[in-house]
Structures are given as C-alpha cells and as structure tokens.
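Student: Fold the following, please.
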Amino acid sequence: MAGDGTQITKLVVVTRKTSLEELIERHGTRGQARFLAENRGESLADVEEAHESYRRAAAELERAVPAGMRVQWIDRGFLPNFLFGAGDLVTTLGQDGLVVNTAKYLAGQPVLAFNPDPKRIDGVLVPFRIETAAETFAAAVENRLPRRAVTMARATLDDGQSIEAVNDLFIGVRSHASARYRLEHNGRSERQSSSGVIISTGAGSTGWYRSVLTGAAGVASAHGDLQAVSLRTSYQFDMTARELRFSVREPFTSQTSGASIVFGRIRGGETLEIVSQMPIGGTVFSDGMEEDFLAFESGMRARIEISERVLRLCWPASDET
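Tutor: Okay, the predicted model is just below:
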C-alpha cells in the first residue's frame with residue numbers, strides 16, 4: 001500500500017537510552033558501572049561498543065534530515081505525554097520494541113523505522129539501514145514509500161476498558177500461579193487451568209509465538225513425532241494478515257479443567273472470549289509491558305479480536321511485490 005497522500009509537515013524522531021546510559025543512571029558513573037561489572041567477571045566492552053554504534057547512527061540520522069524540514073527528537077520515556085500531529089512522520093531509531101512502544105500512541109501517523117546496529121538487531125519491524133537515511137527520508141516525505149498496514153490485536157473487558165497490541169496479548173496471572181478461566185471460541189467452551197493464554201499477531205509471530213511452537217516441537221519430537229519438527233520453521237505469518245492466533249501455555253487437565261482448545265485462529269469478525277476465574281492477580285497486558293495492564297479478576301469477561309487500528313509502517317519499495 002503506497003502513501004495516502006497526507007502532507008508530511010514534521011519529523012518526530014523517537015530514540016531510546018542505550019544499555020550503557022541505563023547502567024550509568026543506575027550506578028552513577030561509567031567508571032562505577034565498569035568496576036561493578038568487572039567484579040562480577042563481566043566486561044562492559046560490548047555494551048560500550050553498542051552505545052557508540054547508536055550514537056553514530058543518531059548523528060548520521062540527524063545529518064540526513066531534509067533541509068528545511070521541521071524535526072523534533074524525543075526519548076521514548078516521553079511518549080505517554082507527547083501529542084503527535086496529523087502531518088508527523090514518526091521516525092524510530094532502535095529495535096522492534098521501540099516501534100511497538102511508539103505505535104500505541106499513534107492515530108494513523110506513518111512510522112519510518114531505522115536499524116541503528118544491524119550486527120546486533122535483526123529488526124523484523126525495522127527495515128531501513130542508516131546509510132540509506134537521506135534518500136529514505138526524501139522518499140517518505142514525498143509519499144513515495146509503500147506503507148504496510150500491520151495488524152494489531154485488541155482485548156476489551158466488559159467494563160469498557162481495552163488494551164491493544166502490535167505483537168501479542170497475554171492473559172493470565174501476575175505470578176507463576178496457575179491461571180483459571182473459561183475459554184470460548186467458535187461455539188466451543190472449556191474451563192482451563194494453565195500458565196496463561198497468548199494471542200499473537202503476524203508481527204509477533206517471530207517472537208513469543210515462535211517460542212511456544214519451538215517448545216512444543218521439541219517436546220513432541222522427543223516423544224517420536226518427527227513431523228512436529230516443521231513447527232520450528234513454519235511459525236511466521238504475514239504481519240498484514242487480518243488474523244490472530246492464540247496459544248494456551250502449559251494447559252493442565254483435571255476433573256475441573258480441560259485442554260482440548262489449546263490453539264486457534266481469530267479472523268475478521270471472530271472473537272475469542274475468556275471469562276476470569278481468578279480471585280486475585282488476573283491480568284491482561286500487551287507486548288511484554290507487564291506494568292501497563294488491565295486487572296482481570298473473577299467474573300470479568302475479555303473479548304479478543306482484530307483491532308480496527310493498524311500500524312502504518314513505511315517499507316522499502318524494493319521489498320514490495
């Protein structure tokens with residue numbers, strides 16, 4: 001999908017603190033951080049190298065900003081209080097997680113994601129390299145870059161609260177205790193006890209969803225099911241597909257809980273519904289952000305479906321078919 005023609009009036013560049021900067025904040029100085037690391041037999045060399053790579057990438061990105069274009073730089077910590085404008089081109093410099101974190105605060109603005117360190121970052125949602133920044137900025141500002149409509153998931157509670165996810169939703173308990181609930185999908189219903197339910201998007205299929213399938217394949221193949229090995233390579237699905245997939249983690253069967261509905265797909269117009277049977281500690285959170293959650297306690301119902309919102313992610317024209 002090409003750009004929608006909306007005029008870009010400003011660049012908003014979202015950055016994040018490096019691991020070294022976070023260590024210095026925690027320990028006071030770089031020297032103190034190094035001293036503590038060396039006392040544990042560790043080295044800060046790789047952390048320092050990653051820091052310098054990020055700083056160089058930020059400087060190169062700044063030089064590549066088109067002449068005369070308004071630009072504002074913000075740290076991701078300010079995202080909750082930042083107001084994006086309709087004409088903003090939101091540019092991220094960091095890992096996939098920075099794209100995911102930023103997407104939650106957008107209302108349709110396109111995202112242009114740069115990979116500051118390809119040696120360390122795979123970047124499923126970060127397709128652009130810093131050395132192409134000047135021409136990439138020009139193409140994006142002129143609406144010449146395709147934009148992928150990345151599917152998002154939404155969980156809505158019966159009290160009206162909702163939470164959205166770019167990668168995945170988790171429904172369970174805020175501890176290692178078993179989650180208890182009733183799961184309803186495609187006319188089937190079952191009481192379950194498990195480590196929680198994960199609902200994944202195509203963008204998230206290379207993350208938590210992949211881990212679930214890898215573990216399942218390993219267990220199955222160890223018990224002689226060699227066909228299950230294919231799960232290790234067949235996990236990924238299109239990030240623009242209007243589809244979600246849910247997986248039940250470590251389901252436990254007993255006289256009061258079953259495990260016949262442990263995996264399924266949620267397509268357009270369909271829902272997965274979960275009724276909490278957890279007196280305390282029930283939670284719904286998205287994209288690994290446990291501190292940003294909805295309480296989900298006994299009697300509450302969660303409806304999971306494809307969100308109407310999408311992440312509009314700029315993509316290299318050469319990768320579009």
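
Student: gap between the nearest residue to D168 once chain neighbours are set aside and G31?
Tutor: Nearest residue to D168 in three dimensions, chain neighbours excluded: G204, at 4.2 Å (CB to CB, 6 or more residues apart in numbering). Where C-beta positions appear, they are placed from N, C-alpha and C, glycine not excepted. If you measure G204 against G31 using CB to CB, to the nearest Å, the figure is 40 Å.

Student: Of the two, give the one with the bigger neighbour count.
Tutor: Ranked by neighbour count (other CB atoms under 10 Å), G204 and G31 place G204 first, with 31 against 10.

Student: Hmm, that one is touching F170, no?
Tutor: No: between G204 and F170 there is no contact under CB atoms under 8 Å: 10.9 Å.

Student: Quick one: residues contacting the residue nearest to D168.
Tutor: By CB atoms under 8 Å, 6 or more residues apart in numbering, the residues touching G204 are 165-168, 287.

Student: Likewise for P110?
Tutor: Contact analysis of P110 by CB under 8 Å, 6+ apart lists 3, 89-90, 140, 147, 312-314.

Student: could you redo the last one with a cut-off of 7 Å?
Tutor: Counting by CB atoms under 7 Å, 6 or more residues apart in numbering, P110 touches 89-90, 147, 312, 314.

Student: What of I74?
Tutor: Contacts of I74 by CB under 7 Å, 6+ apart are 12, 14, 82.

Student: and it, what are its bridge partners?
Tutor: Counting by DSSP bridges, I74 forms beta bridges with V14.

Student: Could you do T92 as well?
Tutor: V14, A113.

Student: Show the residue spans covered by the helices in the stretch 51-200 of the chain.
Tutor: Using DSSP state H, counting those that start in this stretch, the helices of the stretch 51-200 of the chain run over residues 96-103, 133-141.

Student: Of the ones you listed, flag the one that's most buried.
Tutor: Mean neighbours per residue, mean count of other CB atoms under 10 Å, is largest over these for helix 96-103, with a mean of 24.

Student: okay, that helix in PDB with CA atoms only?
Tutor: The C-alpha trace of helix 96-103 is given here as PDB (Å, rounded to 0.1, in the frame of the first residue of the first chain):
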ATOM      1  CA  ASP A  96      11.500  -3.600  17.200                       C
ATOM      2  CA  GLY A  97      10.400  -2.900  20.700                       C
ATOM      3  CA  LEU A  98      10.700   0.800  20.100                       C
ATOM      4  CA  VAL A  99       8.400   0.600  17.100                       C
ATOM      5  CA  VAL A 100       5.900  -1.400  19.100                       C
ATOM      6  CA  ASN A 101       6.100   1.000  22.100                       C
ATOM      7  CA  THR A 102       5.600   4.000  19.800                       C
ATOM      8  CA  ALA A 103       2.700   2.500  17.900                       C
END
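
Student: check contacts around the most centrally placed residue in the chain.
Tutor: Geometric centre of the chain, nearest residue: N167, 3.8 Å, by CA atoms, centre = their mean. Contacts for N167 (CB under 7 Å, 6+ apart) come out as 100, 201, 203-204, 207, 287.

Student: can you list those residues in JSON lines and add pLDDT, secondary structure and distance to F296?
Tutor: JSON lines is the format used below for the contacts of N167 (pLDDT from 0 to 100; DSSP: H, G, I helix; E, B strand; the rest coil; distance: CB to CB, whole Å):
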{"residue": "V100", "pLDDT": "94", "secondary structure": "helix", "distance to F296": "21"}
{"residue": "T201", "pLDDT": "97", "secondary structure": "coil", "distance to F296": "20"}
{"residue": "A203", "pLDDT": "95", "secondary structure": "helix", "distance to F296": "23"}
{"residue": "G204", "pLDDT": "94", "secondary structure": "helix", "distance to F296": "20"}
{"residue": "G207", "pLDDT": "91", "secondary structure": "coil", "distance to F296": "22"}
{"residue": "D287", "pLDDT": "94", "secondary structure": "coil", "distance to F296": "17"}
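
Student: can you redo those residues as CSV with distance to T132?
Tutor: Below are the contacts of N167 laid out as CSV (distance: CB to CB, whole Å):
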residue, distance to T132
V100, 22
T201, 27
A203, 22
G204, 26
G207, 26
D287, 27
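
Student: Break the chain into its domains for me.
Tutor: 10-145, 152-307 (automatic domain parsing).

Student: what helix or strand does the residue lying farthest from the centre of the chain sit in?
Tutor: Farthest-out residue of the chain from its mean C-alpha position, per CA atoms, centre = their mean: Q255, at 36.5 Å. Assessed by DSSP states H and E, Q255 sits outside every helix and strand.

Student: And it, how far from S193?
Tutor: Taking CB to CB, one finds Q255 at 11 Å from S193.

Student: now stretch 8-18: how far from the chain's centre is it?
Tutor: Chain-centre distance of stretch 8-18: 18 Å, with CA atoms, centre = their mean, to the nearest Å.
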